[in-house]
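K.L.:
Mind looking at a prediction? Sequence and model below.
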Amino acid sequence: MTKGPKVQEPEPDVVRAAMAGDLAAFEWLVRCYQAHVWRFLRHLLGDGALAEDVTQETFLRLYRHLPGFSWRSKFSTWVFQIARNAGIDALRSRRRHDRLLQALPTPPPEPAPDARAEAWAAVAALSPKLREALLLVEVFGFTYREAAQVLRVPDGTVKSRVFQARTRLTAWGAEEGRAGEV
Amino acid sequence: MRCDQARTDLSLAADGELPGERAGPLAAHLTTCPSCATFQARLATLRQRLRLEPLGAVPDVAPGVMAALRHRPPPPAPAPSWPVPVPEGGRGRRPPPVPGGRRRVLPVAAAFLAGAVVGATFVGLGGRRPAQVAMADLPARVVAAQQGLTSLAAEVSLVERNWHRRVPERTFAGRLRYRAPESLALRLSDRTAYPSAAWVRDDVTLVATGERWWTRGPRGCPAEAQPDCTPRAPQVRLVQRREPFADHTPAPLDLVTPVRSFTPAAAPAPLGTRRVGGRDAVGVATTAAQVAPLLAGLAPAGNLRAFHPADPAELWLDRDALVPLALRVAVAGGGERRRWAVARGYPDRPGQVVLELTLRGLRLNRPLEAGAFPPPPAGARAEDAGFRDAPPPAAGGGASPGTAGGGGAGPGVGVPDPTWLPAGFRPYRAGGAGGGRGPRVAVRTWTDGRAWVKVRATRDWPGGRLFGDLGALVRPLGLGAGVAYASEDGGRVAVHGGGTDLVVSGSLAPSGLARVAAALPVAGRPVPGGWAEAATATLPEARAASPGLLRPRAPAGFAPPAVRVDGEVATLAYAGAGTRGFLLVQAPGERLTPPLDADASGVRVRRSDGRWSPERGELEWVEAGRTFDLRSATLSLEELLAIAASLEPA
């Protein structure tokens, strides 16, 4: 199954109930966002299993920070902010971990069975800064303003990073893939 | 314009963030610069590749997260600054503190993890056991809930967004009244603050009673031609002598119980339970296509915006009566949706809520106030719908074919008594319609509350196709010794008998309608060779005629397929709830025909290169010497790709 670019806002009542300590409401929020968060982290981290751990960590942090949610941003933006911070922390600790594993051989790259996988492989080759901006806007459908809130950068920075990412991907022919033109 | 500026602007435009004044120069540049036009096409393909990502198995972290949280103290919550929703009886007060200072933690239904049952109510903090609502049988319960519903009264509030660029939000207040089985009054008063007096208020009234309906409201007018095109005087339409439960009457019974939005049974995605307007509500995530019958009911006249079939819709139903309490429609994402909005002038943004309907002060099965169904304005000119009421035969009075429903129009045949009807059903209106140059039709109806069954019969059917407007794709049903034909969605069952043609329709589940058809003493014959439905086949027949036939693996929420075999071309039609449905056409062939859609693009389908035509909603590919054409006006590309992926030998 595929996912479209629609990260929805939850019912305010559900958020309020979760803030008031209702675990059923909180579980509902977890279920609403876990697929989006995992997908985002998988591309940010380049590792599905690590992304699963960090997704879980994201929701534990979300629960801790929930009383501080101020309604000044969209709830979905706030969830992605927390997910991104958890992802960056994981990247930092993985770098430490990687130094220990330097002697081990690197696994071969995944085969690219179709054009879509090739496009994603090109995304993985972008720098993390360009990649996260592109993911938020292109894949998850956030506006520049919302993506800027997640990344804590000015709106114009998001605009320019998304443009740079697209320019690189099209220059690499990431969108052509093997499917070719019909 | 320089190319670097054009490309920056193309990137902005792709995200809907290009300032309006730059659109013209950009378009002009694209007509003269093939290189930037190619860049634009590449951005579109890139988006398609990235947004349609096969996710495979998404891990479920919820059990792990929830297990960890249950061993932690709850977060220190600040004093809430919002009104805390509480159960009835505790209005305006915060829930009582839980002894020990800890907040009450509601159990999560274990069965939620199995996907069949949703968890505890979000706000049932008043000490009651949280409600658990079985979702799997919700469609059947919606159908069952109609019976015994005698009246409904509610106040309606409606918020609509993006109808027009200069009117970002319109608000309506009104009321809904219903008396079983088919009297309905809906009045909506437009409370919007318009930019100027040039805009005409969209005040709308619909009143349908037994044999009459009338509407009053502004004449329909495209939003882009507003505000000048709407005439200032409202239009009044009055129709009398209407047939009971007539198809073309704007009596939106789905506003009362959304039966058509849940038949054939659609697998509802649960949203949990919450309080709406002081009542326990159960929510389902659905789409505008599925709730189309309900949405259509909101605009019996006047100008309401349109919704894209794929727009996500949250429907909250009264937990017990299954009456709609709230409906929210949001904007779906994706390039096609954006094109659709641009074509209509809607400034929609993905995720934005564009319709919020709420019913408050719901009263069920209580007497309605006098004047709940007001008469039409004086002087309104009436159209005659041509139905003549005639009393059905007295019970046990030797009713036989040829006597019932012989009304003023003098139908040549009556409607025989069915030997089975759902328990509680009693006769409602009967009579005759047609005549003149068309066939004379006898009609009988039965109801219980909002549930109804209608049988129309004629002896004058000229043939060529089945009586009853079933559409070209039908499904044969074995009925005792004979055969009947069901429409794609199962909502009509036609019988072509010796000398009599009849059709059964109603608000029952398709199996209920088929059972009523089987209970009529008319032996159904196969349609003659020259009729439109003669190519109708069963799946085994289609398999024999078309070796290598594929079919989707049990698509959830769709009725069994209607099948046609025309020579070597096999067509499978699947209908779902509301207006959801798709068509799969298979034929021998090695290549696709040239595209009919200017926006057609390449897409991977079942390990081959296919074509997606968004305007036509058509996904085509070639596989093993056969061409496949999967079409839908209401399903998204993602849904069609999932159906394509599930194809297996029939």
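P.N.:
Perfect, thanks for sending it.
K.L.:
any idea how the chain splits into domains?
P.N.:
You didn't say which chain, so I picked chain A. Domain assignment for chain A, taken from automatic domain parsing, gives A:7-107, A:108-182.
K.L.:
meant chain B actually
P.N.:
B:3-51, B:138-364, B:387-534, B:538-649.
K.L.:
just checking, what packs against the lengthiest helix in chain A?
P.N.:
If you go by DSSP state H, chain A has its longest helix at helix A:75-100. Under the contact definition 3 or more Cβ pairs under 8 Å, 6 or more residues apart in numbering or on different chains; DSSP states H and E, helix A:75-100 sits against helix A:23-45, helix A:48-65, helix A:144-151. C-beta coordinates here come from the backbone N, C-alpha and C atoms, glycine included.
K.L.:
State the pLDDT value of B:Leu641.
P.N.:
B:Leu641 is assigned a pLDDT of 93 by the prediction.
K.L.:
shaky segments in chain A?
P.N.:
A:1-6, A:94-114, A:174-182 (pLDDT under 70).
K.L.:
same thing but 50
P.N.:
Along chain A, the parts satisfying pLDDT under 50 run over A:1-5, A:97-112, A:177-182.
K.L.:
separation between the residue nearest to the spatial centre of it and A:Gly141?
P.N.:
Note on chain A: the residue nearest the mean C-alpha position is A:Phe40, at 2.2 Å, using Cα atoms, centre = their mean. Using Cβ to Cβ, to the nearest Å, we find A:Phe40 at a distance of 12 Å from A:Gly141.
K.L.:
Next up, phi/psi of the residue in the stretch 401-550 of chain B that chain A sits nearest to, please.
P.N.:
In the stretch 401-550 of chain B, the residue that lies nearest chain A is B:Leu550 (19.0 Å; Cβ to the nearest Cβ). Dihedral angles of B:Leu550 (phi, psi; degrees, to the nearest 10) stand at phi -110, psi 150.
K.L.:
Can you give me the neighbour number for the closest residue to it other than its chain neighbours?
P.N.:
Distance criterion Cβ to Cβ, 6 or more residues apart in numbering or on different chains; nearest residue to B:Leu550, sequence neighbours excluded, is B:Leu647 at 4.1 Å. Residues lying near B:Leu647 (other Cβ atoms under 10 Å in any protein chain shown) number 19.
K.L.:
phi, psi of B:Leu647?
P.N.:
phi -60, psi 140.
K.L.:
From B:Thr579, how far off is it?
P.N.:
23 Å.
K.L.:
before we move on, what about B:Gly432?
P.N.:
31 Å.
K.L.:
okay, those two: which has more neighbours?
P.N.:
B:Gly432 (27 against 21).
K.L.:
Am I right that the more buried one falls within a strand?
P.N.:
Yes. Counting by DSSP: H, G, I helix; E, B strand; the rest coil, B:Gly432 is part of a strand.
K.L.:
okay but it is in contact with B:Pro439, surely?
P.N.:
No. The pair B:Gly432 and B:Pro439 fails to qualify as a contact (Cβ atoms under 8 Å) at a distance of 10.8 Å.
K.L.:
so what sits against both of these two?
P.N.:
Residues touching both B:Gly432 and B:Pro439 by Cβ atoms under 8 Å, 6 or more residues apart in numbering or on different chains: none at all.
K.L.:
pLDDT below threshold where in chain B?
P.N.:
Applying pLDDT under 50 to chain B flags the ranges B:75-133, B:395-413.
K.L.:
and if we set it to 70?
P.N.:
Using pLDDT under 70, the flagged stretches of chain B are B:52-57, B:71-136, B:222, B:224, B:248, B:265-267, B:392-413, B:596-598.
K.L.:
Residue for residue, what is the longest helix it has?
P.N.:
In chain B, assigned by DSSP H, the helix with the most residues is helix B:34-51.
K.L.:
got the buried residues for it?
P.N.:
Across helix B:34-51, burial judged by 16 or more other Cβ atoms under 10 Å in any protein chain shown covers B:Cys36, B:Phe39, B:Gln40, B:Arg42, B:Leu43, B:Thr45, B:Leu46, B:Arg47, B:Gln48, B:Arg49, B:Leu50, B:Arg51.
K.L.:
contacting residues for the third one?
P.N.:
Think B:Gln40. Counting by Cβ under 8 Å, 6+ apart, B:Gln40 makes contact with B:Leu10, B:Leu30.
K.L.:
Likewise for the second one?
P.N.:
If you count contacts by Cβ under 8 Å, 6+ apart, B:Phe39 has them with A:Thr170, B:Arg7, B:Leu10.
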